[in-house]
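I'd like to go over a predicted model; first the sequence, then the structure.
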Amino acid sequence: MSDSEPADDMALLVGKALGGDHAAWNRIVDRYSGRVWAICRVHNLGQADAADVFQQTWLRALENLAALRDPDRFGAWLGTTCRNEARATLRRGRRTQPVDDTWLLDREAGPDGDPERPVLTAARDSELWGAFSQLGTRCQQVLRVLVVDAEDRRPSYELAATALDMPIGSLGPTRKRCLNQLRRFLTEGIDGETRES
């Protein structure tokens, strides 16, 4: 079922789900799961936290389905619920990640047998994420949804537009502008000085 189907179909699904029809509930979940995952990605949640927020959002939906006054607004309500759950998770604090590189010593060498490759890759990634963290919040959100977390490297502009609350036509130009700014940070440095290669 697509979002473009009549709203009364959603009211019918909600009614059936409230009556205990598991197939109707599954259709609702199938219809909106992509949107919920996209919102989790926008909030820069780790894999475990995103899964928790996804599950908690659907639990809240199930708990409040009977109180829903306007079933055709279910998608908007669900989006707001997911954002609130994600923000609550972020407020509780993220799980800390180890900051030392001792784990690199235990890694096997790459396919070419170069033992320095993991260290060089970690240094490159650190520089990239350092530049990424200097981008504005909107650029970070856009790049996370359209580049970093895009499934199979093929972003869904429709899901991104919904998750980011942006017109779909502005996503491409915004993405390009943000990537250019990231490239400048990497080549010129944050302070504007050109780096030596």
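That came through fine.

continuing past the helix or strand encompassing Asp52, what's the next helix or strand?
Using DSSP states H and E, the element containing Asp52 is helix 47-64. Using DSSP H and E, the helix or strand that follows helix 47-64 towards the C-terminus is helix 74-91.

what angle separates that following helix from helix 47-64?
130 degrees (axes from the mean of the first three to the mean of the last three CA atoms, to 10 degrees).

Please parse the chain into its domains.
Split into domains by automatic domain parsing, the chain comes to 7-91, 102-188.

from the chain's centre, how far out does the helix holding Asp52 sit?
Mean C-alpha position of helix 47-64 versus that of the full chain (CA atoms, centre = their mean, to the nearest Å) differs by 14 Å.

any weak-confidence spans in this protein?
Within the chain, the stretches with pLDDT under 70 are 1-8, 93-117, 119, 148-155, 189-197.

what residues are up against the residue nearest in space to the middle of it?
For the chain, the residue nearest the mean C-alpha position is Arg41 (1.0 Å; CA atoms, centre = their mean). Arg41 makes contact with Ala50, Arg144, Val145, Asp149, Ala163, according to CB atoms under 8 Å, 6 or more residues apart in numbering. In this view, the C-beta of every residue, glycine as well, is placed from N, C-alpha and C.

In the helix holding Asp52, which residues are buried?
Buried residues in helix 47-64, counted by 16 or more other CB atoms under 10 Å: Asp49, Ala50, Asp52, Val53, Phe54, Gln56, Thr57, Trp58, Arg60, Ala61.

Spit out the contact partners of the closest residue to the first one other than its chain neighbours.
This points to Asp49. Leaving aside its sequence neighbours, Asp49 sits nearest to Thr89 (CB to CB, 6 or more residues apart in numbering; 5.2 Å). By CB under 8 Å, 6+ apart, the residues touching Thr89 are His43, Leu45, Asp49, Asp52, Val53.
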